[in-house]
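S.K.: Here is my input, please return the structure:
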Amino acid sequence: MGREFVELFEEWSEYYDDTVSGYDKEYRDVFHGYEQILKEVVNRSQGHVLEFGVGTGNLTICLLKAGLSVTGVEPSASMRRKAVEKLHGQIPILDGDFLEFPTHRQIDTFVSTYAFHHLTDEEKEKAIVNYGKLLHRGGKIVFADTMYESKEAHQAAIQQAKDAGFLKLATDLSTEYYTTIPFLQKVLKENGFDASFTRCNQFVWIVEAQKL
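M.R.: The predicted structure follows:
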């Protein structure tokens, strides 16, 4: 992920789980249905899974409970410590991100939740090109993240947050690299993926892309 956001995650590690549980009203709608979103990502995953942006390990736990083999990568040292503690050391959590990660094992599914927006669109395209080269036919990308049907929809979401008095959320939506579905559709298609998009809440969609 974008390493420029690592300092933010060092701080957020202390209260991330409170945020996803709906404690912070500004982000309550962003994380609405959080447990179901994790479940949907797990249900779409297969084989050996490489998880980007493990955070405190919430998705990782679900993947392991489903019997999947997982390699976790996370650029924040504080988040890695939280995840290792929560997972009781079941798997190592490695220092890595969407662009730099271990490839010594065959990867069947790339997964992530609430993290791909830390890459610019240029970086997202670079990442998808790389995944297309690494995945075998039938391999998958399964990412859940905030994205928009158009640039206009993105701007409308920023204004809605401002109107609600959610200035921190509005700032996040303005400064982080939220993309559009048409952009991802185009890049995925160009790199040999068949992709579908499923809306989970007001903000989050799941993209499930299978290598043809």
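S.K.: By mean pLDDT, which helix or strand of the protein comes out lowest?
M.R.: When the helices and strands of the chain are scored by mean pLDDT, DSSP states H and E, helix 6-12 comes last with a mean of 55.
S.K.: Stretch 84-99 - what's its average pLDDT?
M.R.: The average pLDDT for stretch 84-99 rounds to 92.
S.K.: Show me the shaky parts of the chain.
M.R.: When residues are selected by pLDDT under 70, those of the chain lie in 1-16.
S.K.: any idea which residue sits dead centre in it?
M.R.: The C-alpha lying nearest the average C-alpha coordinate of the chain belongs to residue 113 (CA atoms, centre = their mean; 2.9 Å).
S.K.: okay but that residue is in contact with residue 37, surely?
M.R.: Yes. Contact status for residue 113 versus residue 37: in contact at 6.6 Å, counting by CB atoms under 8 Å. C-betas here are computed from N, CA, C, even on glycine.
S.K.: shared neighbours of the two, anything?
M.R.: Each of residue 144 lies in contact with both residue 113 and residue 37 under the rule CB atoms under 8 Å, 6 or more residues apart in numbering.
S.K.: give the contact list for the residue in the chain sticking out farthest from the centre.
M.R.: Most distant from the centre of the chain: residue 163, at 27.0 Å, with distances by CA atoms, centre = their mean. If you count contacts by CB under 8 Å, 6+ apart, residue 163 has none.
S.K.: Backbone dihedrals for it, please?
M.R.: Residue 163 adopts backbone torsions of phi -60, psi -30, taken as degrees, to the nearest 10.
S.K.: How about the one 5 residues further on?
M.R.: Backbone dihedrals for residue 168, given as degrees, to the nearest 10, come out at phi -70, psi -40.
S.K.: How about the contacts made by the nearest residue to it once chain neighbours are set aside?
M.R.: In space, and not counting its chain neighbours, residue 168 is closest to residue 26: 5.6 Å by CB to CB, 6 or more residues apart in numbering. If a contact means CB under 8 Å, 6+ apart, then residue 26 has 161, 166, 168, 169 as its contacts.
S.K.: Just give me the closest of those to residue 78.
M.R.: residue 168 (20.1 Å; CB to CB).
S.K.: Could you count how many residues lie near the closest one?
M.R.: 11 (other CB atoms under 10 Å).
S.K.: and it, how far is that from residue 162?
M.R.: 11 Å (CB to CB, to the nearest Å).
S.K.: likewise residue 87?
M.R.: 38 Å.
S.K.: Check residue 184 too.
M.R.: Per CB to CB, residue 184 is found 26 Å from residue 162.
S.K.: Those two - which one has more neighbours?
M.R.: Between residue 184 and residue 162, residue 184 has the larger neighbour count (other CB under 10 Å), namely 25 against 15.
S.K.: Just the element for the more buried one, please.
M.R.: Residue 184 is part of helix 181-190 when elements are defined by DSSP states H and E.
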